[in-house]
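**Q** Next input, structure requested:
(chains A and B)
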Amino acid sequence: MNDLRSQLLGTFLEESAENLERLEAGLLALEAGFDAAVVDEIFRAAHSLKGGAGTFGFAAITGLAHDMETLLDEVRAGILLPGPELMALLLEGLDALRVTLQGLRAGRPSEEEGHPALRQRLQRAGARSAGAAARASAQGSPATAVVPTAAGAEGDRPPPPEASTPTSAAGPAPTLRGWEIGLRPRRHMLESGNEPWRLIRELEGLGAVSVEADLSELPPLAELVPTACYLSWRVRLEAAVPRAAVEEIFAWVADDAELALTEWHGDALPAPAGCGPAPAVEPGPSPFPPREGAGTSERQRATSPILTRDDGRASAGGARSADGEPAQAMASLRVGIDKIDALMNMVGELVITQSILGALDDGGPLDEQKVTRIREGLSQLARNSRALQESVMSLRSVPVSAVFNRFPRLVHDLSRQLGKRVELVITGQTTELDKTVLEKLGDPLVHLIRNSLDHGLETPGERRAAGKPETGRLALGAVHRGADIFIEVEDDGRGLDAEKILRRARERGLVAPTATPSPAEVLELIFAPGFSTAEAVSDLSGRGVGMDVVRRNVKSLGGEIALESRPGQGTKVRLRLPLTLAIIDGQLVRAGEHAYVIPLLSIVESVQIEAGRVRTIAGSRRIYRLRDQLIPLVELAELLGVVATSMASPMAAPTATRRSAADATRAVAGKILVIVETDGRRMGLVVDALEAQQQVVIKSLEANYGRVAGLAGATILGDGNVAFIIDIIDMLARLDLPAAEPAAEVPSPVARGVAGRPLSRLATDGA
Amino acid sequence: MAHIFAIDDSFSLRQLLSRALAEGGHKVTEAKDGMEALVIAQAQGADLVITDVNMPQMDGLTLIKRLRGLPAYRHVPILVLTTEMDPAKKRIAKDAGATGWIVKPFDPVLLLATIRKVLD
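**A** Below you'll find the predicted structure:
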């Protein structure tokens, strides 16, 4: 049964993360203004966290959540005001919970320290306001009278009244043989679902029992209410068990019945008459002395684990599941039932199609009619598999809110820290994106938001001076178009300072002193590696902190990043990301004997090569003049080190670069030049032929063979052949390598960016 | 083998509860809050109800009161799942019509033992 809990650990962690998000969103909302519904919501979130953590045996989370819940309960009751100090404290508690949960997720049993200092502060925050009063009123409740509880065990209950017999405190006397139990249910006891007979049977579990029923209160039949309880019982239990063990059995009916417990000592009472007529229980109060106070809870704690694990100390702490093994949460994905249903539906249709096609294989001749039906069946199969593919892809999709949700907090904390006023507007939260893509998107987005707050948005004073509202606006949006997801981070701050960027780029040697790059090229500079340094953070009021890293991350996801800035009005960063990493739209091309797939998204256009437009520069590097642009020209086979068809020996790759310029030009004339672009940089890939455009499933080369430079993976074509998928980003990077050519100058970003117009391209894309 | 109606807004706890009960050989119907539970309860009975207290839509206490108003649930044992050890809170649950309580965190084995007692 313990592994039941470890099986569900992943679910618990996921749910806890959701509860934390609700808690955080709620706390931030409360800062904007008190809302009872929000308080309810976050109270419940803390409560669920506590309950779950307790059940799964994570004491530190239980404790922290308990303290926060207590505070929130006071807020809910209106006896504690959610001031900034309290909010900060609760947020701190939240962070501690998050860290602990992250540790659990990573399988680190790191939580046992339990944040004692923080807990103390949380507890003090409550006690200072009204905690004491609330506790006092709880103690005054009559319900404390009979049933010992763990609350009592925690020591904040008054000592039980003196009615408690000395033995009950000191443990059973040596002569104790058992207990005499008087049970007089109240009339309504049956209505709460409690059965006296069950209680008596439960006593039998402790030892031999003899029971006498008292029928004296039974009314005449005409007056009898069938649902009321008129009987009482006197039970003799022959078992030297502690009082608490007996009381525990009656815990649920403590308020529904009068209970009298008397010790039965071996020589004090005669053995009960076996089967004789039941002697009437003496009337009057004697079997029911004044109610006794609670027995010692410590003993109950020992005998009743169900009732006693409330304080968490008793439970196994640390990131251990109940069987003591370090917990390792499996990565899991929660998928809506509707998606699974759709998938099932799709599979059902596939089976139908299969049986239609199967029925045609009846051993008879293949006539005209059958061929028509086979064609129909095949096109249905194509539809089915496309639908199935989409359906399966949607399983991996999660709403971007999973990442967006953490930004309100980030913005809240940062703006406070920076003394700025910021309104965060989030749109498109339900837009879905592949889980893997989304997970890797978190850090780049944090970076962009940080940049906006740090460098883009001005202080209230500066904004006032610029004639803008004091509160800045930061918009975070996601939208789905075609096979892409666009994510935008836009602020209405001061925009990028082109002059400063250029100055810095010159200082860092990224731009020649004489070069005069266009505004778009200047913006492009902030993505250059080496542009941003620690110095830049303090020096430069524009952006640039680690933008190269952001771009690298986005590119590794098969996406692109573009930047737009209007001085004084704001900056917009737009990320374009593929819906999934597993399937791409590809252009099949042939170069030599091999087929390759070029990601369709990176293709700008394809042209037939005219010999007159090919120029050779710097020895063997070739450039193609397309209208007013100069585009580096590369033979695909050459770049990959595969021999072109014209060459004789298969593995003599470098020789390709040693051909004369004239030979080279002749070799490519009449072939196809596929112009690809990424990050505003273009290159032309020479191929022999363009073939079909199709969706291809990327198969990892690393997993099946090994990493190959310039290739993003492979796919299996319809005819069973394997085609390699070109990694355009890597290709462009290889273009910069000196490779075999001597003295090939590494072009500066500006020089490289000559052909690039990243912004206009992306802007038109989005339209 | 009994038919148990389990209500909790926490997915993981509901899963734990229903899997533990299923391992004990019981048939389980789940609901994620009081409102959903009430709708289900109009259509089918149960031998035992186990419900959380703090839930959105409709909390456990309201649910119990409403269930007790349904003839089919009038005398069915209803246990509340609670983290509250505060006797006053238990009193409130009892007043609403609860049979008893199971204190969270619960151990699945002991949970089954408790249920056996109630269902006997």
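
**Q** residue contacts, the residue nearest in space to the middle of chain B?
**A** Nearest to the geometric centre of chain B sits residue B:50, at 1.2 Å (Cα atoms, centre = their mean). Taking Cβ atoms under 8 Å, 6 or more residues apart in numbering or on different chains, we find residue B:50 in contact with B:4-7, B:17, B:78-81, B:102, B:115. All C-beta spots, glycine's among them, are computed from the backbone N, C-alpha and C.

**Q** Among those, find me the one that's closest to residue A:417.
**A** Each of the contacts of residue B:50 was checked against residue A:417 using Cβ to Cβ; the closest is residue B:81, at 41.7 Å.

**Q** how close does the closest one get to chain A?
**A** 8 Å (Cβ to the nearest Cβ, to the nearest Å).

**Q** Can you list the strands that the helix or strand containing that residue pairs with?
**A** Per DSSP states H and E: residue B:81 is located in strand B:78-82. Strand B:78-82 sits in its sheet next to strand B:48-52 (parallel), strand B:100-103 (parallel), going by DSSP bridges.

**Q** export the ones you listed to a markdown table and tack on mean pLDDT?
**A** Below are those laid out as a markdown table (pLDDT from 0 to 100):
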| stretch | mean pLDDT |
| --- | --- |
| strand B:48-52 | 92 |
| strand B:100-103 | 84 |
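
**Q** most packed of those strands?
**A** Greatest average neighbour count among the strands paired with strand B:78-82 goes to strand B:48-52 (a mean of 26), per mean count of other Cβ atoms under 10 Å in any protein chain shown.

**Q** Check the offset of that one from the chain's centre.
**A** 1 Å (Cα atoms, centre = their mean, to the nearest Å).

**Q** Quick check: next helix or strand after it?
**A** Heading C-terminal from strand B:48-52 (DSSP H and E), you reach helix B:60-68.

**Q** ok, that following helix near chain A or not?
**A** Yes - counting by Cβ under 8 Å from any Cβ of the partner chain, chain A is contacted by helix B:60-68 at residue B:68.

**Q** residues making contact with that helix?
**A** Everything outside helix B:60-68 that qualifies as a contact, by Cβ under 8 Å, 6+ apart, is A:191, B:7, B:34, B:37-38, B:41, B:49, B:51-55, B:58, B:73-74, B:76, B:78, B:80-81, B:92-93, B:96-98.

**Q** how about the contacts of residue B:50 in JSON lines, adding distance to residue A:118?
**A** Converted to JSON lines, the contacts of residue B:50 look like this (distance: Cβ to Cβ, whole Å):
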{"residue": "B:4", "distance to residue A:118": "39"}
{"residue": "B:5", "distance to residue A:118": "39"}
{"residue": "B:6", "distance to residue A:118": "34"}
{"residue": "B:7", "distance to residue A:118": "33"}
{"residue": "B:17", "distance to residue A:118": "31"}
{"residue": "B:78", "distance to residue A:118": "38"}
{"residue": "B:79", "distance to residue A:118": "34"}
{"residue": "B:80", "distance to residue A:118": "30"}
{"residue": "B:81", "distance to residue A:118": "28"}
{"residue": "B:102", "distance to residue A:118": "30"}
{"residue": "B:115", "distance to residue A:118": "38"}
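
**Q** who wins for neighbours among the residues you listed?
**A** Neighbour tally across these (other Cβ atoms under 10 Å in any protein chain shown): the maximum, 30 neighbours, falls on residue B:7.

**Q** That residue and residue B:56 touch, don't they?
**A** No - under the criterion of Cβ atoms under 8 Å, residue B:7 makes no contact with residue B:56, lying 11.9 Å away.

**Q** Overlap in contacts, these two.
**A** Common neighbours of residue B:7 and residue B:56 (Cβ under 8 Å, 6+ apart) are residue B:33.

**Q** Okay, and the nearest residue to residue A:260 once chain neighbours are set aside sits in which element?
**A** In space, and not counting its chain neighbours, residue A:260 is closest to residue A:182: 3.5 Å by Cβ to Cβ, 6 or more residues apart in numbering or on different chains. Element membership for residue A:182 (DSSP H and E) is strand A:176-185.

**Q** which helices and strands does the strand or helix carrying residue A:638 pack with?
**A** Here residue A:638, judged by DSSP H and E, is contained in helix A:636-639. Counting contacts by 3 or more Cβ pairs under 8 Å, 6 or more residues apart in numbering or on different chains; DSSP states H and E, helix A:636-639 is packed against strand A:583-591, strand A:681-687, helix A:728-736.

**Q** Can you say which of the contacts of helix B:60-68 are buried?
**A** The neighbour-count test (16 or more other Cβ atoms under 10 Å in any protein chain shown) marks A:191, B:7, B:34, B:37-38, B:41, B:49, B:51-55, B:58, B:73, B:76, B:78, B:80-81, B:92-93, B:96-98 as buried among the contacts of helix B:60-68.
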